[in-house]
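Enquirer: Below is the sequence, then the predicted model.
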Amino acid sequence: MPTVLLIGTLDTKAEEYSYVRDRILRAGHQTLVMDLGILSDPPFTPDIPSADVARAGGEEIGVLRARGDRGSAVDTMQRGACSLVPALFAAGRFDGVLGLGGGGGTAMISAAMRTLPVGVPKLMVSTMASGNTAPYVDVKDITLMYSVVDIAGLNPLSRRILGNAAGAIAGMVAEGRRNTAEVTARDRPLLAATMFGVTTPAVTAVRERLERAGFDVLVFHATGAGGRAMEGLIDDGYVAGVVDVTTTEWCDEVVGGVLSAGPDRLGAAGRAGIPQVVSVGALDMVNFGAIETVPERFRTRTLYRHNDAVTLMRTTAEECVAIGRRIAGQLNRAKGPTVVVLPLRGISALDAHGKPFDDPDADRALFETLRRCLSPAVRIVELDAHINDPAFADTVSTEMLALLGRVDAVHRT
């Protein structure tokens, strides 16, 4: 029987949690209740009391209550929840999670939800769901439902909304079990790839060939969130290999654009020891918003208006050196087989002869830095081709299949 984890502040929302718990039980599922409340004990006994959560966060609940510092108490309960929730899931104690909260509750509960793998049903009913939701969702598949009214007692409207939430999570956990069975039965290994509009022909050709060889390919848009989502799925163990053609997010991390994926980009595959084929797609560009948002210090640089909301800036030779060093540093730590493919005639659709970002000196600086800084354990393959030429896609696909031990598919596909 599927089990739903109900996690929230029972000191202020026990009535609402009792309501959704009863609705989930009526749907034929079980519940597991975790209390994050710090003010007092709830009117019913939860499966995981607040004292256990506080202790997992490094404090005693009595100390938190006596101190009376709400901010530090919230931090402690959030740490405790983030420790307990993934452990309970790993032990098979629940199949999905439902939370109800305002500002503080949403922050704590969504943080705990983000510790769970993608694919685990996560539903957050929140007063914060109508604003900027990025801090709560980040790159995980958290479903947010706006509560419309504050979660402060039951009334005809809140009963309808909370009833919908209970029905939604009940359906999600039931469907999740069916999906798991179907995915297991299909048993096609997953590969991850990165793409930008300016590398689409290359990545599309790579994806199609790898799919013909018997793999499913997850393509991530290299927009910062896309790169972090891919890294998270790799850390969660979903991915058997990575075709990281488009590493452009490093430009924004090093130079200061708006689409950085953070300093851990290219870290997950190395930690996992899975095969990776990496290239330099779109390392010729830094991303900004509309033209008027480009920082003043960059206004005299080579800029390209992609559309009303996106302006691209060509990376310089000096920036390419810094980017190459950062990429080499990440790849040199990889525990698994790693190949770097360098397309010597251009690294994006804008970086070709006569195109706006055509800059052989900058590309040369990037290539020379990678040659110099990469460990001998990282094999470099150089092609006298543009990144969107068929020869590049053929080489990347062949290298990936070889690293995966699929020599039989190298020529057949």
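Expert: Arrived safely, thanks for sending.
Enquirer: Please parse this structure into its domains.
Expert: Following automatic domain parsing, one gets these domains for the chain: 3-182, 188-412.
Enquirer: give me phi/psi at residue 304?
Expert: Residue 304 has phi and psi values of phi -130, psi 120 when expressed as degrees, to the nearest 10.
Enquirer: so what's it bridging to?
Expert: Beta-bridge partners for residue 304, by DSSP bridges, are residue 312.
Enquirer: quick one: contacts for it?
Expert: For residue 304, the contact set (CB atoms under 8 Å, 6 or more residues apart in numbering) comprises 285, 311-314, 350, 356-357. Every residue, glycine included, has its C-beta placed from N, CA and C.
Enquirer: Next, the contact list for residue 100, please.
Expert: Contacts of residue 100 (CB under 8 Å, 6+ apart): 8, 13, 16-17, 20, 124-126, 147, 151, 162, 165.
Enquirer: Any idea what it is bridged to?
Expert: Residue 100 forms beta bridges with residue 125, as assigned by DSSP bridges.
Enquirer: Show me the strands in this structure, by range?
Expert: Along the chain, counting by DSSP state E, strands occupy 3-8, 30-35, 96-101, 122-126, 143-146, 190-195, 216-221, 241-244, 276-279, 285-288, 303-307, 310-314, 338-343, 379-383.
Enquirer: Kindly reformat the ones you listed as JSON lines containing mean pLDDT and distance to residue 251.
Expert: Shown next, in JSON lines, are the strands of the chain (pLDDT from 0 to 100; distance: least, CB to CB, whole Å):
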{"stretch": "strand 3-8", "mean pLDDT": "98", "distance to residue 251": "39"}
{"stretch": "strand 30-35", "mean pLDDT": "98", "distance to residue 251": "42"}
{"stretch": "strand 96-101", "mean pLDDT": "97", "distance to residue 251": "36"}
{"stretch": "strand 122-126", "mean pLDDT": "97", "distance to residue 251": "32"}
{"stretch": "strand 143-146", "mean pLDDT": "96", "distance to residue 251": "31"}
{"stretch": "strand 190-195", "mean pLDDT": "96", "distance to residue 251": "13"}
{"stretch": "strand 216-221", "mean pLDDT": "96", "distance to residue 251": "15"}
{"stretch": "strand 241-244", "mean pLDDT": "98", "distance to residue 251": "14"}
{"stretch": "strand 276-279", "mean pLDDT": "98", "distance to residue 251": "14"}
{"stretch": "strand 285-288", "mean pLDDT": "98", "distance to residue 251": "5"}
{"stretch": "strand 303-307", "mean pLDDT": "93", "distance to residue 251": "13"}
{"stretch": "strand 310-314", "mean pLDDT": "97", "distance to residue 251": "9"}
{"stretch": "strand 338-343", "mean pLDDT": "98", "distance to residue 251": "16"}
{"stretch": "strand 379-383", "mean pLDDT": "98", "distance to residue 251": "20"}
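Enquirer: wait, which of the ones you listed is closest to residue 320?
Expert: Comparison of the strands of the chain against residue 320 by CB to CB identifies strand 310-314 as nearest, at 10.1 Å.
Enquirer: how about stretch 206-218: buried residues?
Expert: Neighbour counts over stretch 206-218 (16 or more other CB atoms under 10 Å) mark 206-207, 209-210, 213, 215, 217-218 as buried.
Enquirer: Could you work out the end-to-end span of that stretch for me?
Expert: Stretch 206-218 stretches 12 Å from its first residue to its last (CA to CA, to the nearest Å).
Enquirer: Any chance you could list what contacts it?
Expert: 188-193, 219, 230, 233, 239-240, 243, 245, 393-394, 396-397, 400-401, 406, 409, 412-413.
Enquirer: just stretch 31-47 next, same as before
Expert: In this structure, residues lying in contact with stretch 31-47 by CB under 8 Å, 6+ apart are 3-12, 14, 17-18, 21, 24-25, 48-50, 53-54, 61, 64-65, 70, 73-74, 77, 81, 84-85, 88, 93-94, 105, 108-109.
Enquirer: Go ahead and build a PyMOL selection from the buried members of those.
Expert: Selection of buried members from those for PyMOL, criterion 16+ other CB under 10 Å:
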select buried, resi 3+4+5+6+7+8+9+10+11+12+14+17+18+21+24+48+49+50+53+54+61+64+73+74+77+81+84+85+88+93+94+105+108+109
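Enquirer: who's in contact with the residue nearest in space to the middle of the chain?
Expert: The centre of the chain sits closest to residue 229, judged by CA atoms, centre = their mean, with a distance of 1.8 Å. Taking CB under 8 Å, 6+ apart, we find residue 229 in contact with 118, 139, 220.
Enquirer: Can you tell me the closest non-neighbouring residue to the second one?
Expert: Across the structure, with CB to CB, 6 or more residues apart in numbering as the measure, the residue nearest residue 139 apart from its sequence neighbours is residue 229 (4.0 Å).
Enquirer: Tell me how far that neighbour lies from residue 49.
Expert: Between residue 229 and residue 49 the distance is 34 Å, computed by CB to CB, to the nearest Å.
Enquirer: And for residue 381?
Expert: Between residue 381 and residue 49 the computed distance is 57 Å (CB to CB).
Enquirer: Could I get the full set of helices for the stretch 301-413 of the chain?
Expert: Ranges of helices in the stretch 301-413 of the chain, per DSSP state H, counting those that start in this stretch, are 317-331, 360-373, 390-403, 407-412.
Enquirer: Could you double-check that residue 250 sits in contact with residue 329?
Expert: No: contact criterion CB atoms under 8 Å: residue 250 and residue 329 do not qualify, at 10.7 Å.
Enquirer: Now find how far off-centre stretch 246-257 is within its chain.
Expert: How far stretch 246-257 lies from its chain's middle: 17 Å, per CA atoms, centre = their mean, to the nearest Å.
Enquirer: So, low pLDDT: which residues of the chain?
Expert: Confidence mapping of the chain against pLDDT under 70 gives the ranges 178-187, 407-413.
Enquirer: Report the backbone C-alpha coordinates of stretch 303-319 in CSV.
Expert: Provided in CSV are the C-alpha atoms of stretch 303-319 (Å, rounded to 0.1, in the frame of the first residue of the first chain):
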residue,chain,number,x,y,z
LEU,A,303,27.4,41.8,-28.3
TYR,A,304,24.7,39.8,-30.2
ARG,A,305,21.0,40.4,-29.7
HIS,A,306,19.5,36.9,-29.7
ASN,A,307,16.0,38.3,-29.0
ASP,A,308,14.3,41.0,-26.9
ALA,A,309,15.1,39.2,-23.7
VAL,A,310,18.5,37.6,-24.4
THR,A,311,21.8,39.3,-25.3
LEU,A,312,25.0,37.3,-25.9
MET,A,313,28.5,38.5,-25.4
ARG,A,314,31.6,37.0,-27.1
THR,A,315,34.2,35.6,-24.7
THR,A,316,37.7,37.0,-25.1
ALA,A,317,40.9,35.0,-25.3
GLU,A,318,41.7,35.8,-21.7
GLU,A,319,38.3,34.6,-20.5
